[in-house]
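Chemist: give me coordinates for this.
(2 chains)
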Amino acid sequence: MKELMRWMLVAVLTCGSTSSIMAQKGHKANTQDALPSKELKADVNRAAGIYYALPVELENKGKGHKNAIVPFNDTPAPDGKLPFYINHYACPCSYYLDNAEDYNAPYAIFAKADSLGKLTPLGRDVKRRLALIREDALGRTGELTAKGAQQSRAITKRLIDRLPSAFRPDGYYSVRSIVKNRCILTMQEGMLQMSTMRHPISIRSRATKTEYPFMDPTDEKLTSAWTNEKTSTLFAQFASLNDSHTRLMEALFNDQNFIITHFDAAKLARQLFRLASSIQHTELAGKVTLFDIFTPDEIHRHWRRQNVLNYMRYGGYTGNGGTQPYQQRSTLRNMIHMGDSVLKRYAPLSHLRYTNEQVILALASLMELDNCGVQTDNLDSLEAMGWADYRIAPLGGSIVMIHYRKDHFDEDVLVKVLLNEREARLPIETDCAPYYHWNDVKRYYLRKLYRYENTRFDGITEPQRIFR
Amino acid sequence: MKGKRSLFLLLLIATLLPAGAQTVIDLIREKPQYASCNYNTYPDSIKAKQTPAPQGKHPFYISHYGRHGSRYINNRSGFDIPYKMMLHADSVEELTPIGKRVLEEARLIMADTEGQWGDLTSYGKKQQRQIGRRMAENFPEVLCPGARVTAISTVVTRCVESMGSFLTEMLQVEPQLNITMEASQRNMWFLNARTPLRNNYLTPEAKKAYEAYIANRTGNSRLMEMIFKNPDIVEELVDESYFNYYLMKMGLFQSNTHLYMNTFLKDLFHTDELYRMWQIDNVLWYIQHGACKLNGGRQPYSQAGLLRKLIADADSCLQMERPGVQLRFGHETVLLPLVCLIGVNGYDLATDNLDELEEKGWWCSSIFPMASNLQFIFYRSGLNDKDVLLKVLLNEEEAQLPIPTDCAPYYHWNDFRSYCLQKISQ
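Modeler: Sure thing, here's the model as predicted:
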């Protein structure tokens, strides 16, 4: 009862603060977006957050189907303008969890419990499933899965099919990946798809650390705020409010004493949830699940916890300054720089870059695509404001800025941004949405970047560091 | 009369064998990077002819192990040696004008390599694209529409990227290939086996023979005179043999990068100096990976697991109607012992006399340049043909195997299989 009261209070507070902040920032609630709680029910895999795999299926399975896909309604470009430059930043596709411990540790707990007769019948069945999941991932932790490979090809195919005139035979494709095998393989699967569809083709790929400054930049000043006392405390409070593991543990283990003395129950619940999220990426999808051991409410809470953590680290959380998205300022600056430097070209060019999903998360927030730019310190209001990590940077997700013009001499270049393959809104005025005038886009973002960078030239240390 | 005839025959044979007469010095004169052994570059075109398969036999399966293409040096320590020696000498005003220029070159090369240690170069990608293209062009019966291509690589970035370049180009020849790619830890046990053999090669006996062999081959007083004002004084700062060896390497390695046009460092060295370094390296590679009797002759067995896997893979593929292609991307430290283990082109040479290697044709640079590869091409007349034939290509040239055959360069798969299994069971 107490809990219910608290939730009602939170709900009331949330509504108030949401509308005021949104009005202030000029955001309109996207009526197309359902509430995350509904979306999670429609497809529980979304609860994986940024570890959710963007669906591969191309055909629309019909309204009401679990994986019903809204078809891409591409708005035609005005005045017969054609795409001539694609600037693309993508997340890796489906991969196995990074640490062998993610697979081993929960299994070890269940194996021990089983040997002592501490598992319920459901617990024993979960142990069986954990063994299958662990075996599947053996020797492959952190690697792109077979589904991930298919996903990358399907996504590349969709991009080429939607923009045939940007993928002309005389086009040039500069393809880059950070030095991480799943990103390199995601890139290479995309290259294979391109090579299948275009003959001849000029693709030059590279996986190198030399381009990290605008593919996966780091900013210690900003990231140090993740672990400062204030952020840690606020997150711990939020996490404990949203924690839920007691029911689950009692459903799996038959001895309270064993639960208390042998492992960290909250941690095990999180580990099981992570494994549940990971199954969608593997061949076990559809054969094995772990989401069934959680109630819808527990699933929601696990997701909320992770969503908030991602928001605090990569979103516009004002509780630690509201500047975390600026981690990706050099990435955005490079996008703008490239947009200008390709203007003199005659043949189409594509820059396809593959990086970490966190880069996309922060970059989408920095660019204020759709609802990604929301700024608040009210963590409970986050989902009502439409900031849901699985919408922004799922595996296979991407930000694609497409540049259009009539011909080589057309000075009114337009851009359109696709966020995870759907036309996105930019925080900029336009007369031809979802197309925006390149000069407006450039002005808005550069001013935004300068404004922030000015605040960083506060002491003597910064310039010194740059010119060293 | 008889003598005249045999003399004529001898002359005829001599004119027919110009290639066989080529010495290592000739090769280095033509292509200095031949002296840098595993940094030798892959040929830009393959001129060797392909012998037609015996009547009625068609290629149906290809099994491959390839090294990554040209790369940068793995870490800076090799370059640091001559660089720091020159810096040190410069600080005490001991560099000649040429020496100062050499220091500048070294600085340029190090700046260029910075941040890219061990990376595949664009030249390396080009090599892989060309090999992939030639494979698809030369074996259209295997790489036909719908053919299955299973590619795996070690988890090392340059190998993963080699695989991607190879396959992307293959699709330009035949777009309808059914390709899978994987770079997984779970394949490392055979793609890049780490056995104790790898570290324990320099037994006391081998060490003694090696040191005796290199004793009068290291050092380069001409180079010292050229770079340092007072070679006798800088002895305190500069180890002559190290300096010579690593500066030479630094120059030769650039053949693999986009600085290949800049031959300044390379040109400092005379052919005979490059040749001496090649000799030193060649024997060391032999002791490490060849069937050297000085350390027991077992070094090539580091790849017994890989060979067994290649055979097992072939066994299952032979059961299929259209098995397609299996590509594996790895390293020279695997390819060299594998070639020695199988005995391709006589590289199973077993000796304890290091002086014999060169005259008997054990030249490592010919086996494992960047992008080097071993391809096993399988032939048969149909699914029920029990007499499957095999042709081995080392760097895309037909190779000889140490087993009898009636149709060289084709060999009977069953003979090859039992030869290998018997050898690795020893």
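
Chemist: contact partners for the residue nearest to A:Ala225 when sequence neighbours are not counted?
Modeler: Distance criterion C-beta to C-beta, 6 or more residues apart in numbering or on different chains; nearest residue to A:Ala225, sequence neighbours excluded, is A:Asn320 at 4.4 Å. Where C-beta positions appear, they are placed from N, C-alpha and C, glycine not excepted. Taking C-beta atoms under 8 Å, 6 or more residues apart in numbering or on different chains as the contact definition, A:Asn320 lies against A:Ala225, A:Trp226, A:Asn228, A:Lys230, A:Thr231, A:Met312.

Chemist: can you rerun that using 7 Å?
Modeler: Taking C-beta atoms under 7 Å, 6 or more residues apart in numbering or on different chains, we find A:Asn320 in contact with A:Ala225, A:Lys230, A:Thr231, A:Met312.

Chemist: now do A:Thr186
Modeler: A:Pro92, A:Cys93, A:Leu144, A:Gly148, A:Ser152, A:Tyr354.

Chemist: repeat that for 6 Å
Modeler: Residues in contact with A:Thr186 (C-beta atoms under 6 Å, 6 or more residues apart in numbering or on different chains) are A:Pro92, A:Cys93, A:Ser152, A:Tyr354.

Chemist: who wins for neighbours among those?
Modeler: A:Cys93 (32 neighbours; other C-beta atoms under 10 Å in any protein chain shown).

Chemist: so what pLDDT did A:Pro55 get?
Modeler: pLDDT, A:Pro55: 88.

Chemist: which SS state does it fall under?
Modeler: coil (DSSP: H, G, I helix; E, B strand; the rest coil).

Chemist: that one and A:Asp74, how far apart?
Modeler: From A:Pro55 over to A:Asp74 the distance is 18 Å, taken as C-beta to C-beta, to the nearest Å.

Chemist: what about those two, which has more around it?
Modeler: Per other C-beta under 10 Å, whichever of A:Pro55 and A:Asp74 has more neighbours is A:Pro55, with 17 against 13.

Chemist: quick check: A:Gln280 touching A:Asn45?
Modeler: Yes: shown here, A:Gln280 and A:Asn45 form a contact pair, counting by C-beta atoms under 6 Å, at 4.5 Å.

Chemist: which residues does the residue in the stretch 251-400 of chain B that chain A sits nearest to bridge with?
Modeler: Closest residue of the stretch 251-400 of chain B to chain A, C-beta to the nearest C-beta: B:Phe329 (11.8 Å). Applying DSSP bridges to B:Phe329 gives these bridge partners: B:Gly66, B:Ser153.

Chemist: next, count neighbours for the nearest residue to A:Asn73 once chain neighbours are set aside.
Modeler: Nearest non-adjacent residue to A:Asn73, counting by C-beta to C-beta, 6+ apart: A:Glu423, 8.0 Å away. Using other C-beta under 10 Å, A:Glu423 has 17 other residues around it.

Chemist: let me see the backbone angles for A:Glu423.
Modeler: In terms of degrees, to the nearest 10, the main-chain angles of A:Glu423 are phi -60, psi 130.

Chemist: can I assume B:Ala56 sits in a helix?
Modeler: One correction, residue B:56 is Gly, not Ala. No: assessed with three-state DSSP, B:Gly56 is coil; it does not lie in a helix.

Chemist: bridged to the residue nearest to A:Asn73, which residues?
Modeler: Residues in beta-bridge contact with A:Glu423 (DSSP bridges): A:Leu418.

Chemist: center of chain B - which residue?
Modeler: Nearest to the geometric centre of chain B sits B:Phe368, at 0.3 Å (C-alpha atoms, centre = their mean).

Chemist: how much space between it and B:Asn395?
Modeler: Applying C-beta to C-beta to B:Phe368 and B:Asn395 gives a distance of 9 Å.

Chemist: which secondary element of the chain has the worst mean pLDDT?
Modeler: Using chain A. Every helix and strand in chain A was compared by mean pLDDT, DSSP states H and E; the lowest is helix A:2-25, with a mean of 40.

Chemist: correction: the question concerned chain B.
Modeler: Using mean pLDDT, DSSP H and E as the measure, no helix or strand in chain B falls below helix B:2-16, which has a mean of 49.

Chemist: thank you, goodbye.
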